[in-house]
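Undergrad: no sequence on this one, just coordinates:
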């Protein structure tokens, strides 16, 4: 995981700039669909205009419905809006009251129909645009997670990363599909309503707006609180998901130690903290909206008192008051929506920063700008003065220097924490050394493309990881374009064909999550079949038989012997029976190679390796805590 240089200014920019940056990045993920966003914006404007037609028409209709014989007088100097509308219709269309009533009914019907159709199309287009953004964002996030090195995942919980991919992205979806639309529509509605209010009566409008500073302050204050709460909420949800994912993957351990009640209590405690964080956010919103509504009422009450006095003096009319009240209601609704959108944007900002934190993480494993694409390897490997440490640990390999000839079988032996798994993890560049270099066929692996390197390395770990799916799909993972016959051939070579055919659906039998429907020996043979199908030039066997019974070990060893033929092989094992036939054995302790030679030579040498067989194995140097934790890291089976 990349670290920020010490001199970088880590002070966050203003919220507005961060929000704009987040929105800009979101919008940039669906450039080819911007037409949908622009068309949606046009439909919003059309819908607002149609609503501007519907309101006065709705006010005019009751007048005609009350008395169809009424014809309201009008003149050029008349300030009554309803009278002006009536005058315009009667003078230009020569309608009587009945036909004017029908005209306004038809106008309202058409306006409502167009408004509904406009709203429907606009909703679909905004959702279409939002879904495309989220599709791209989630895809980029997943791709980034697939490309990040092992060190990134060591510092994070898988459940938290899942939370960022699901709940955080879902929150952003709400922003781009709904909140942005409201952010565009609410100000238009509020400004248009305020303009109408000012046109009707400037003085009344100013009185109604006396409470505006209080509304602005309430929104701003709530926004600050919700930003902090939103970050806490998303963090709590990530913790909850991480806890759940970890416990479900180890449910057998929970049941074995009868810790069900304990785990239920722990989950309930995490769940309660998550709920409390959500309730704090809900409380802010629950207090904000009624507060805005009440303040709007106070402003309107003051305006009504003044309007009443004006009406008594005859300088203000009932029709004007009706229109003024409707406009004020629209303006108040607009401000409430602006407040709601502001809070939603702050929550989205917290989610967006968590998502883009992953997207912006740079990999420790840098590929050369012009990488060498490796041809089919001969299998020569050379370590030159290699030292390595994990990000937060002590040095676990120190100045390791050795070479392996093409097709040679090398065994690594040593106590737990000596550095064996760390050493082999450097070959496919899961990590990079802090000093020295590693070469394959005489080429520094830092100069070659990761794909061409890793595609020629196979790993069979102690704990085999299978994917939920069929046996055939898991074997074919080693070569996606493999035919059914190739899969069966690989399974036969791995001594897996017999038990596969004994299963109800044969090669189409489901293995369950992580292969839980298969025994350890069966999973291991599936992993070997997968490696055989991949046909790697370099093979790494990391304690591949240590957890198997004698019968399963025999079958797996026979399959491994077939797999090792003609390949450069590195074996990590503690059992002498597994490594004594290797061409060479490297004895590793405390990150150093302390002995080297074939089995017979090491036995005759009387060193650590020899003492293991005679029963007086001396105390080796104490392994570091960092290596103890890393040595048990499971390598992916490829």
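TA: Sure thing, it's come through. Since we're looking at a predicted model, the values are computed, not measured.
Undergrad: Quick one: the strands in the stretch 401-550 of the chain, in order.
TA: Residue ranges of the strands in the stretch 401-550 of the chain, as given by DSSP state E, counting those that start in this stretch, are 409-413, 435-440, 443-444, 457-460, 538-542.
Undergrad: Any chance of JSON lines for the ones you listed, columns distance to residue 125 and mean neighbour count?
TA: C-beta: built from backbone N, CA, C; applies to glycine. Listed next are these as JSON lines, based on distance: least, CB to CB, whole Å; neighbours: other CB atoms under 10 Å:
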{"stretch": "strand 409-413", "distance to residue 125": "61", "mean neighbour count": "23"}
{"stretch": "strand 435-440", "distance to residue 125": "53", "mean neighbour count": "18"}
{"stretch": "strand 443-444", "distance to residue 125": "53", "mean neighbour count": "14"}
{"stretch": "strand 457-460", "distance to residue 125": "48", "mean neighbour count": "25"}
{"stretch": "strand 538-542", "distance to residue 125": "53", "mean neighbour count": "25"}
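Undergrad: so can I have JSON lines of those strands showing distance to residue 332?
TA: What follows is the strands of the stretch 401-550 of the chain, written out as JSON lines (distance: least, CB to CB, whole Å):
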{"stretch": "strand 409-413", "distance to residue 332": "74"}
{"stretch": "strand 435-440", "distance to residue 332": "68"}
{"stretch": "strand 443-444", "distance to residue 332": "69"}
{"stretch": "strand 457-460", "distance to residue 332": "65"}
{"stretch": "strand 538-542", "distance to residue 332": "68"}
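Undergrad: I'd like to know which of those is closest to residue 118.
TA: With respect to residue 118, and counting by CB to CB, the nearest of the strands of the stretch 401-550 of the chain is strand 457-460 at 58.7 Å.
Undergrad: what lines up beside the closest one in the sheet?
TA: Strand 457-460 has the following sheet partners, assigned by DSSP bridges: strand 538-542 (parallel).
Undergrad: The strand it pairs with vs strand 435-440, what angle?
TA: Strand 538-542 and strand 435-440 meet at an angle of 120 degrees, taking axes from the mean of the first three to the mean of the last three CA atoms, to 10 degrees as the criterion.
Undergrad: Quick check: next helix or strand after strand 538-542?
TA: Sequence order places helix 550-564 as the next helix or strand after strand 538-542, per DSSP states H and E.
Undergrad: Buried residues of that following helix, list them for me.
TA: Using 16 or more other CB atoms under 10 Å as the burial criterion, the residues of helix 550-564 that qualify are 552, 553, 555, 556, 559, 560, 563, 564.
Undergrad: what helices or strands is that helix leaning on?
TA: The elements that helix 550-564 packs onto, with contact taken as 3 or more CB pairs under 8 Å, 6 or more residues apart in numbering; DSSP states H and E, are strand 457-460, helix 484-493, helix 520-534, strand 538-542.
Undergrad: coming back round to it: same list (the strands of the stretch 401-550 of the chain) but as TSV, adding mean pLDDT and distance to residue 119.
TA: Formatted as TSV, the entries for the strands of the stretch 401-550 of the chain read as follows, by pLDDT from 0 to 100; distance: least, CB to CB, whole Å:
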stretch	mean pLDDT	distance to residue 119
strand 409-413	90	68
strand 435-440	93	63
strand 443-444	94	62
strand 457-460	87	57
strand 538-542	88	61
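Undergrad: what's the closest of those to residue 163?
TA: Closest to residue 163 of the strands of the stretch 401-550 of the chain is strand 457-460 (CB to CB; 29.4 Å).
Undergrad: Figure out how far the closest one is from the centre of its chain.
TA: Offset of strand 457-460 from its chain centre (CA atoms, centre = their mean, to the nearest Å): 29 Å.
Undergrad: hang on, the earlier thing: as CSV, the buried residues of helix 550-564 with distance to residue 241 and pLDDT would be great.
TA: Conversion of the buried residues of helix 550-564 to CSV gives the following (distance: CB to CB, whole Å; pLDDT from 0 to 100):
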residue, distance to residue 241, pLDDT
552, 35, 71
553, 38, 71
555, 39, 78
556, 36, 76
559, 38, 80
560, 38, 80
563, 38, 81
564, 41, 83
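Undergrad: Nearest residue to the middle of this protein?
TA: Taking CA atoms, centre = their mean as the criterion, residue 165 is the residue nearest the geometric centre of the chain, at 1.9 Å.
Undergrad: And that one, how far from residue 175?
TA: Distance check for residue 165 against residue 175: by CB to CB, to the nearest Å, it reads 17 Å.
Undergrad: same thing with residue 18?
TA: Residue 18 sits 14 Å away from residue 175, going by CB to CB.
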